[in-house]
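Novice: turn this into a structure:
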Amino acid sequence: MITRNEVPSNFSLNLTEFSSLFVSDNHSNVEIIGGEDIPIHKAPYMASLRYNRTQHYCGASIIHKRFLITAAHCILPNITYNILVGTSLLDRGGTVYDIEKFIVHESYSKITKDFDISLIKLKRPLEYGPNIAEVPLADSRLKLRSGNMFSVTGWGVTDVS
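Specialist: Below is the predicted model of the structure:
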């Protein structure tokens, strides 16, 4: 399920701390504490990076019909991945797309996790619709102020029970 939580704009963590809060070694106990389940049409840019066509591994965001963005630490060698889009459920619905290649940031460090970002290029373009769309970008003139709220979306559970 996709979950969302609001975070104040003065909230700050470095990427390593952020990763340790939201990523576990087995990728099955990830939580967004205090989040809420949302339908895919409220976050149609969310995608599931999967292996074996069925196993969710990491989240990704649609930025173009042929490209998505994810964390570089999600890309492991010798594994065939694909992308699931168009559903807020990890076990049914949506459409699977094959990946042509990953483009990991040239300065990515596996040790420090600096530059922990990778592009995903799909073999064929996504078919946009109400449940599949690019991440909407903020107006470049937008000025964030302390106390502003924004939404964070990701795959996970919303409580520890």
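Novice: from here on, contacts and neighbour counts on C-alpha atoms
Specialist: Fine.
Novice: okay, now the unreliable bits of this protein?
Specialist: Applying pLDDT under 70 to the chain flags the ranges 1-34, 156-161.
Novice: make it 90
Specialist: Filtered on pLDDT under 90, the chain yields the residue ranges 1-40, 42-43, 52-54, 77-78, 88-92, 136-161.
Novice: now the helices for it?
Specialist: Using DSSP state H, the helices of the chain run over residues 15-22.
Novice: hey, which strand is longest across the chain?
Specialist: Of all segments of type strand in the chain, defined using DSSP state E, the longest is strand 95-104.
Novice: list the helices and strands that strand packs on?
Specialist: For strand 95-104, the elements it packs on are strand 81-85, strand 118-122, judged by 3 or more CA pairs under 8 Å, 6 or more residues apart in numbering; DSSP states H and E.
Novice: CSV for the ones you listed, including mean neighbour count and distance to L68?
Specialist: Shown next, in CSV, are the helices and strands packed on strand 95-104 (neighbours: other CA atoms under 10 Å; distance: least, CA to CA, whole Å):
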stretch, mean neighbour count, distance to L68
strand 81-85, 24, 9
strand 118-122, 21, 5
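Novice: closest to S140 out of these?
Specialist: In terms of CA to CA, the element of these nearest to S140 is strand 118-122, at 22.2 Å.
Novice: circling back to that earlier point, need the contact partners of the longest strand of the chain.
Specialist: Outside strand 95-104, the residues that touch it by CA atoms under 8 Å, 6 or more residues apart in numbering are 53, 72, 75, 81-87, 117-124, 126.
Novice: rewinding a little: looking at the helices and strands packed on strand 95-104, which is nearest to A133?
Specialist: Minimum separation from A133 across the helices and strands packed on strand 95-104 (CA to CA) falls at strand 81-85, 9.4 Å.
Novice: give me the angle between that closest one and strand 118-122.
Specialist: 80 degrees (axes from the mean of the first three to the mean of the last three CA atoms, to 10 degrees).
Novice: who touches strand 81-85?
Specialist: Strand 81-85 has contacts (CA under 8 Å, 6+ apart) with 44, 46-53, 94-99, 131-132.
Novice: which among those residues count as buried?
Specialist: Buried by 16 or more other CA atoms under 10 Å: P44, M46, A47, S48, L49, R50, G94, V96, Y97, I99, N131, I132, out of the contacts of strand 81-85.
Novice: many thanks, we can stop here.
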